[in-house]
Every structure is written in C-alpha cells, then in structure tokens.
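Colleague: what shape does this take:
(one chain, ligands or ions: 1)
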Amino acid sequence: MNASANTAQHGKIMLVGLGPGSHDHLTVRARTAIAEADTVIGYVTYIRLVADLIEGKEVIKKSMTEELDRAIEALERARQGKKVALVSSGDAGVYGMAGPTFEVLFQAGWTPDSGIEVEIVPGASAINTCAALVGAPLTHDFCAISLSDLLTPWPTIARRLDAVAYADFVVALYNPKSGRRTQQIVEAQRLFLRHRDPQTPVAIVKSGFRPKQRIEFTTLDKMGEADIGMLSTVLIGNSNTFIKHGLMVTPRGYANKYAIEEGERNTYAGEQAGRSLSTGLSGWMATIQESGKSVAELAAEYRLPEEYIAAVLQTELPPEGEENALEG
Ligand code: SAH
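Modeller: Reported below is the predicted structural model:
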C-alpha cells in the first residue's frame, strides 16, 4: 500500500451547518463537504433539505432524540476510514451536533492527532438568518437563549432570562415552544415583563428561508398570543429597538454622538469622532469621581454593584489613548 492509499484510509468527521434551509444560503464549503462524504447522518428534516446532494451516498436518518447515537455512528464509520458528514440546520455548533460529537469523541479516547480528522463547517445560524428577515435587530449587544428544558433545568434557563432581560440585551429565543412545551414561552414573557416595557418590539420568524416562512411582529405583552412553534425563533428587542415600515431596528448608538439632520452629521458638544463617548469608561470614571456622591447613591443611579462603584472610585484615571473608529 502506498502512502496516499494509506492516507485515504484515514476517516474524517465533518460537522456541517446547512444554514436556514434554502440552497442559496448553504455555503460552498458545506456543499463540497457533503459531496466529499461517504456517509451523511442527520435529522430527517435536514437530510430532506439536501436530498439532491446526497444521491448514491449512505444516508443515516436519526430522530431528534438520538444525538449521541448519531455521534457514535459517525465515529464508527470514521474508524472504518469513511468520511462522514453530520448535518445540522443553521450552525452545527449552535445548539447542534458539534458539542455532543466532541463529548463522544473524548469519551472514546480520541485526540486531534489520532488519525480521525474533525472539521467544523460553519453555517448561518437562525439568529442571523431570522434577524436578516426582519431588519437589523442585532446591531447592538445580543444573546441567544434556548427555552428547551429537555437537557437544561428550568431554573438555569429562568436565571439567564432574568439576567439578560435586566441587562437589556436583544435576545433570540431558540426552541421557544413545541407541542409538549407550551408554558416556557409564557414564563419567559413573565420574566421579561419584570424588566422591560410591555411595548418592547418582538419579531417571530417561523421557518425562515423555507417554503412555509412566516414573519410576525408583536410586542412583549402580546407575545403569548402569537403563533409560535418548534420552527420559530423569537427576537425580543432591547429598550431602544423599534419597528418602522415593517422593519425591526436596534440603533447602533450613533444618536449618542451625532445629530443627524437633513443628511448632515454634527458631532455633539463634548464628543469626538473615533473617541470613546464622554459617558464611556474614562469620562464616566471622571464624572463619578468628581460627583461627590456616595457609593450607595452612585450604585442606585447606574444600577451597578456597590463593590464595583467603590473599586472604580479608587482607580486612577487612565490616560486618554487613541481609539479605532467603530467597526462598519
Ligand atoms: N443549529 C441550529 C439551531 C438548532 S435548535 C441553528 O444554528 O440555527 C432548533 C431551533 O432553531 C428551532 O426551534 C428554532 O428556534 C431555530 N431555527 C432553526 N432553523 C430555523 C428557521 N429556518 N427559521 C426559524 N427558526 C429556526
């Protein structure tokens, strides 16, 4: 056997994110990875999404609850020298197969140099594709929370919902509701309403970039009445997010620095292009140090822990350095 034939014996596991489910949003690498594969393993719906790319290959369809079996099967095939594509919707690393696969591999004693190569092929996750369908809701800090309590205790999920609602993140809720799990979204709404305006914009994207795509705009207080299912992603805006002409937009923050009037951009007094805001870290540190207010007063005013305020009051002001302009 020559060297190249030997190399051909080496198996490979490819974790392939298929994007939302339309061919236009399947990456070139995802396509070639599937073409390279001898075996394609995945949930029935995802296999169906790439049906025309997998003719003549071994196809193993698994149900949702068999994730570990899928990973074990992939490892078995790779040990036989096969190239295996494990396909996931969106990105395989976002609530997908990548994590369980590594867990199975590590348990089996696999290491990166053990002869079985692992490649992760990124795909556009639902948070990105659903955001693109409704406008620009993620232009400021955001996070994703899955409402699935199949593998996560509810108090963990509830604590995260409470924390991000308080911290004013834009939030994408994955796995918001299923036939059996109907109360989780109601509880999420309840936790959010403790911190957020009832009028906070909410967008629900069902089957984004698939034939049955449906987009619905609503508000936090009416979220419970919306049509939400297994194939929906719920996007909840932050306190600045608005909906205009059917588009959900979260401001980037330019309004904190510039007055934009009739196409002209004027920098507010005290602000400089390319520099932190006057309420940025150094400006804010100077403000609170000069304020003469107590730690307790400042903690209440800025909704920050007293220990943190106390530490900042003790900190020497950093010199103003050069800063890069905001990313485009
Ligand atoms: N790995 C996937 C997420 C799997 S969890 C990804 O990165 O997107 C399954 C959840 O993803 C669904 O309950 C739904 O909340 C979301 N989702 C996946 N595809 C979607 C689509 N086309 N439209 C809307 N939501 C989608």
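Colleague: on the three-state scheme, Ala172 is what?
Modeller: Using DSSP: H, G, I helix; E, B strand; the rest coil, the structure places Ala172 in strand.
Colleague: from Gly90, how far out is it?
Modeller: From Ala172 over to Gly90 the distance is 11 Å, taken as CB to CB, to the nearest Å. To be clear about C-beta, it is placed using only N, CA and C from the backbone, and glycine gets the same treatment.
Colleague: next one: His245
Modeller: 28 Å.
Colleague: out of the two, which sits in the more crowded spot?
Modeller: Gly90 (27 against 6; other CB atoms under 10 Å).
Colleague: got a list of what the residue nearest to the more buried one when sequence neighbours are not counted touches?
Modeller: Once flanking residues are discounted, Gly90 sits nearest to Ser125: 4.1 Å by CB to CB, 6 or more residues apart in numbering. The neighbours of Ser125, taking CB atoms under 8 Å, 6 or more residues apart in numbering as the test, are 17, 90-91, 94, 144.
Colleague: the ligand: which of those residues is nearest?
Modeller: Gly90 (1.9 Å; CB to the nearest ligand atom).
Colleague: quick one: least confident helix or strand in the protein?
Modeller: When each helix and strand of the chain is scored by mean pLDDT, DSSP states H and E, helix 3-8 comes last, with a mean of 44.
Colleague: now whichever helix or strand comes after that helix: average pLDDT?
Modeller: The C-terminal neighbour of helix 3-8 among helices and strands, as given by DSSP states H and E, is strand 12-17. For strand 12-17, mean pLDDT rounds to 97.
Colleague: could you list every helix and strand that the helix or strand following strand 12-17 packs against?
Modeller: Helices and strands here follow DSSP H and E; after strand 12-17, the next one along the chain is helix 28-36. When contacts are defined as 3 or more CB pairs under 8 Å, 6 or more residues apart in numbering; DSSP states H and E, helix 28-36 packs onto strand 12-17, strand 83-88, strand 117-121.
Colleague: what strands line up against the helix or strand that comes right after helix 28-36, and which way round?
Modeller: Note on helix 28-36: by DSSP H and E, the next helix or strand toward the C-terminus is strand 39-43. The strands that strand 39-43 pairs with in its sheet are strand 58-62 (parallel), strand 83-88 (parallel) (by DSSP bridges).
Colleague: report whether whichever helix or strand comes after strand 39-43 contacts the ligand.
Modeller: As assigned by DSSP H and E, the chain's next helix or strand after strand 39-43 is helix 44-49. No - under the criterion of CB under 6 Å from any ligand atom, the ligand is not reached by helix 44-49; the shortest gap measures 9.5 Å.
Colleague: give me whichever of the strands paired with strand 39-43 is most buried.
Modeller: strand 83-88 (a mean of 27; mean count of other CB atoms under 10 Å).
Colleague: circling back to that earlier point, got the helices and strands packed on helix 28-36 as CSV, with distance to Thr233 columns?
Modeller: CSV is the format used below for these (distance: least, CB to CB, whole Å):
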stretch, distance to Thr233
strand 12-17, 15
strand 83-88, 15
strand 117-121, 21
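Colleague: and these: which comes nearest the ligand?
Modeller: strand 83-88 (4.9 Å).
Colleague: the residue nearest to Gly90 and the ligand, how far apart?
Modeller: Per CB to the nearest ligand atom, to the nearest Å, Ser125 is found 3 Å from the ligand.
Colleague: how about Gln272?
Modeller: Counting by CB to the nearest ligand atom - Gln272 and the ligand are separated by 39 Å.
Colleague: hang on, that residue in a helix?
Modeller: No - Gln272 is assigned coil when assessed by three-state DSSP, not a helix.
Colleague: quickly find the element holding Arg181.
Modeller: Per DSSP H and E, there is no helix or strand for Arg181.
Colleague: which residues touch it?
Modeller: Counting by CB under 8 Å, 6+ apart, Arg181 has contacts 147-149, 175.
Colleague: farthest-apart pair in those residues, please.
Modeller: Pairwise distances across the contacts of Arg181 peak at 9.2 Å for Asp149 and Asn175 (criterion: CB to CB).
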